[in-house]
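# The sequence and its predicted three-dimensional model are supplied below.
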Amino acid sequence: MNRSASPNGTNSRNPSPNGANSRNPSTNSTLDLHSPYYLHPCENPIISIVNVTLTASNYHSWSRNMRVALKYKNKLQFIDGTLTKPEETDSNFLAWEKCNTYAVAWLNLSLSSEISQSVIWNENAYDMWNDLKHRYHQGDIFRIVDLEEEMYTAKQGELSITAYFTKLRIIWEELKTFLPIPSCVCGVECTCDLGVMRKYRKQRQLVRLLRSLNEEYGTVRSQIILMAPLPDVNAVFGMLTQQERQFHSLDNGEPRALISSSDLIENEKHFQHQNANGYRGRGHSSRGRDGRGGRGPLKLCSFCHKTGHLVDTCYKKYGPPLHMRQPQKAFNYATTSPGVKIDKSSEALLQLSTQKRECKTSTFSLSQEQKDTLIALIQQDNSSQIGHVIN
């Protein structure tokens, strides 16, 4: 007797359609790495898969991040409606229930506390996604106007090039989400107007970036605008970051080293020219201390372009030190002290000295009459002094 045969002639080891093994296809789908029902052993429904929390004003950035994360986990079909809930008798029902629960948990973890309370009883990921979309995706026209105003009024200010470019890039990407341009299917050479529309959009973005920069970038901005054709926005960003690094190097004192190097090279040429002409000056001897030629590199001032000192100690720029300055001419005590009588000869001498001080560079000459008067006053003063001594 064949024990494997049933009274009806069928093999008793084959599962019946309504038996416990009728859901074996579900087991196969959960093990398939490419199946939406597959869950990696490391998947955890209590760990958020995005770092953006949905609020009343950031639906578009949140939805984009969530779609990317679910697409990476091959669970996007649970929110876009392409994988509907199967019947309870279906072999994939249990697998669908488990994956849907994971998707609902991930959505709840990415919501703010106020929004999460409003969808806490929703157990279907597709229904929850549509509910959030209908609530926070409205008002696209007003949001577009707000984004355009924000873009046209934006200024760099105290932001760095990277921070300011990131700020504008966020606005551009959100506008692209609201006003998308259809994909071109022309191939290598575009024959439709979609490529022209994308070109105009990129040009507007480039001009907006350049016009809102600070005035210190005026030179590089003029150079970029004169380029034909205009470079890509990312290429312009690279040029601006290089200019920004150059500004930082100027602030850190590197230009002084660069100026000193160029000045030293120019001074070395001048020194070689003097040696070729047989000139020997102070510090320019062919032999120096310990047999080493000269006294090292010559100093060259970048302000007055003279050798022997640097700009930090330039007398022409800062003036000589206090101990080298000429003392100011003392005022005549007779002209400043009250109660002191001044004779006529002294008064004439004071006037003459005052005129000389006022006309340092001009030629001063006396007429013959003035000379005679001055000599007579001096002689009269001397005779009066002699008489006083005799008495």
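Sure, I can see it. Numbers count the residues shown, from 1 in each chain.
# what number of residues lie near S302?
14 (other CB atoms under 10 Å). (Glycine included, C-beta is placed from N, CA and C.)
# On the three-state scheme, it is what?
Three-state call for S302 (DSSP: H, G, I helix; E, B strand; the rest coil): coil.
# and M151, what does it touch?
L168, I171, W172, L175, R208 (CB atoms under 8 Å, 6 or more residues apart in numbering).
# how close does it sit to L210?
Separation of M151 from L210 (CB to CB, to the nearest Å): 13 Å.
# Likewise for N124?
Distance, N124 to L210, using CB to CB: 49 Å.
# which residue packs closest to V119, ignoring adjacent ones?
Leaving aside its chain neighbours, V119 sits nearest to M128 (5.4 Å; criterion: CB to CB, 6 or more residues apart in numbering).
# distance of R198 from R204?
Counting by CB to CB, the gap from R198 to R204 is 11 Å.
# To clarify, my last question referred to E123.
46 Å.
# Any idea which helix or strand in this protein has the lowest mean pLDDT?
Least confident helix or strand of the chain, by mean pLDDT, DSSP states H and E, is helix 333-336 with a mean of 44.
# ok so, going back, looking at N124 and L210, which one has more neighbours?
L210 (19 against 15).
# which residues touch the residue lying closest to that one once chain neighbours are set aside?
Spatial nearest neighbour of L210, excluding adjacent residues (CB to CB, 6+ apart): R221 at 4.8 Å. R221 makes contact with L210, R211, L213, according to CB under 8 Å, 6+ apart.
# Helix or strand: which one has R221?
helix 218-225 (DSSP states H and E).
# What residues sit buried inside that helix?
Using 16 or more other CB atoms under 10 Å as the test for burial, helix 218-225 gives V220, R221, I224.
# mind checking which helix or strand T162 is in?
Using DSSP H and E, T162 falls in helix 161-178.
# what's the helix or strand following that helix packed up against?
Note on helix 161-178: by DSSP H and E, the next helix or strand toward the C-terminus is helix 194-211. Contacting helix 194-211 under the criterion 3 or more CB pairs under 8 Å, 6 or more residues apart in numbering; DSSP states H and E are the following elements: helix 161-178, helix 218-225, helix 233-251.
# Show me what counts as buried in helix 194-211.
Buried, per 16+ other CB under 10 Å, within helix 194-211: Q205, L206, R208, L209, L210.
# show me what contacts the residue nearest to the second one when sequence neighbours are not counted?
Beyond its immediate neighbours in the sequence, the residue positioned closest to L206 (CB to CB, 6+ apart) is V233, lying 5.2 Å away. In this structure, V233 makes contact with K202, Q205, L206, L209, judged by CB under 8 Å, 6+ apart.
# Quick check: the second one vs C186, distance?
Plainly put, Q205 is 23 Å away from C186 if you go by CB to CB.
# check which helix or strand covers the closest residue to G81 other than its chain neighbours.
Once flanking residues are discounted, G81 sits nearest to Y126: 5.5 Å by CB to CB, 6+ apart. Per DSSP H and E, Y126 falls inside helix 125-136.
# got the angle for the helix or strand following that helix vs helix 194-211?
For helix 125-136, the following helix or strand on the C-terminal side (DSSP H and E) is helix 140-152. Orientation check (axes from the mean of the first three to the mean of the last three CA atoms, to 10 degrees): helix 140-152 against helix 194-211 gives 50 degrees.
# Just give me the neighbour total for K71.
Quick note: K71 (other CB under 10 Å) scores 13 neighbours.
# For whichever strand or helix holds it, buried residues please.
Per DSSP H and E: K71 is located in helix 59-72. Across helix 59-72, burial judged by 16+ other CB under 10 Å covers Y59, H60, S61, W62, S63, N65, M66, A69, L70.
# Find the residue closest to Y136 in space, skipping its chain neighbours.
What sits nearest to Y136 in space, not counting adjacent residues and going by CB to CB, 6+ apart, is Y59, at 3.8 Å.
# Check the gap between the closest residue to L109 other than its chain neighbours and L111 for me.
Nearest non-adjacent residue to L109, counting by CB to CB, 6+ apart: S48, 4.1 Å away. Separation of S48 from L111 (CB to CB): 10 Å.
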